[in-house]
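Peer 1: Starting from these lines, generate the structure:
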Amino acid sequence: MGDEHLELADYRRRVAALYQQVREEGGTGAGSHLARFRRGKDIMFRTHPQSPVPAAGRASFGGLAYWPYQAELRVVGSFTPDAEASAQAVPSSGGGTMGLRHIGQVAFRIEERLHRLGVYWFDEYAGGIFIPFRDATNGSETYEGGRYLWDSAKGADLGSDDDALMLDFNYAYHPSCVYDPHWSCPLAPPANRLGIPIRAGERLAGT
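Peer 2: Numbers count the residues shown, from 1 in each chain. Below is the predicted model of the structure:
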């Protein structure tokens, strides 16, 4: 393409298309759908000019590191809105902050234990629902700043039905700053820490 703005728009469109296909397919055959999603994402990381992988490393890029599919980590969460929708300045990987608005919480169960994550709305650029999280794998098996479940402004959206949000940790992914510090990414707030290890989705290579 040549123009970085058009390239970035194309990259986000392709990511959104991958997630749209997952939503349309629903839960049936979720493991095989995940495998196809991962293949598509790996191709984009290796070939697209807006890949988070630096250009010098794309030719040798062999694919992201993932955990195997875990059916029990595909859950439906119940959203409770925050009446105040308070603004928060969340730390970013670049050392600054990004403006988010806490719009509510999503509650869900894993192994019969109730968990909650804050749900945020980006006040900057395109807006959109954002659900980051930390867990007991951070700093060893996954990035210390956490991973993302939703970023609907960039197409990472697994679907909702009224106040029910699909949370599939098999699609949990690292922010772009993990691959190149050129990117400045919001870090998961400490309040969004799960006290258990989530060994699903993307992990660090070599772990």
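
Peer 1: show me the contacts for residue 48.
Peer 2: By C-beta atoms under 8 Å, 6 or more residues apart in numbering, the contact set of residue 48 is 7, 10, 11, 14. Any C-beta I mention is one placed from the backbone N, CA and C, and that applies to glycine too.

Peer 1: Tell me how many other residues crowd the second one.
Peer 2: Residue 10 has 16 neighbouring residues, counting by other C-beta atoms under 10 Å.

Peer 1: chain center to the one helix or strand it maps to: distance?
Peer 2: Element membership for residue 10, per DSSP states H and E: helix 4-25. In terms of C-alpha atoms, centre = their mean, to the nearest Å, the centre of helix 4-25 is found 14 Å from the chain centre.

Peer 1: go on, stretch 17-28?
Peer 2: Relative to its chain's centre, stretch 17-28 lies at 15 Å (C-alpha atoms, centre = their mean).

Peer 1: in its sheet, what does the helix or strand bottoming out on mean pLDDT in the chain sit against?
Peer 2: For the chain, counting by mean pLDDT, DSSP states H and E, strand 87-91 ranks last in confidence among helices and strands (a mean of 88). Using DSSP bridges, the strands paired with strand 87-91 are strand 97-110 (antiparallel).

Peer 1: need the next SSE after the partner strand, C-terminal direction.
Peer 2: By DSSP H and E, the next helix or strand past strand 97-110 is strand 113-122.

Peer 1: Hmm, residue 110 is touching residue 70, no?
Peer 2: No. Using C-beta atoms under 8 Å as the test, residue 110 is too far from residue 70 to be in contact (9.9 Å).

Peer 1: Neighbour-wise, give me the winner out of the contacts of residue 48.
Peer 2: Highest neighbour count within the contacts of residue 48, by other C-beta under 10 Å: residue 11, with 18 neighbours.
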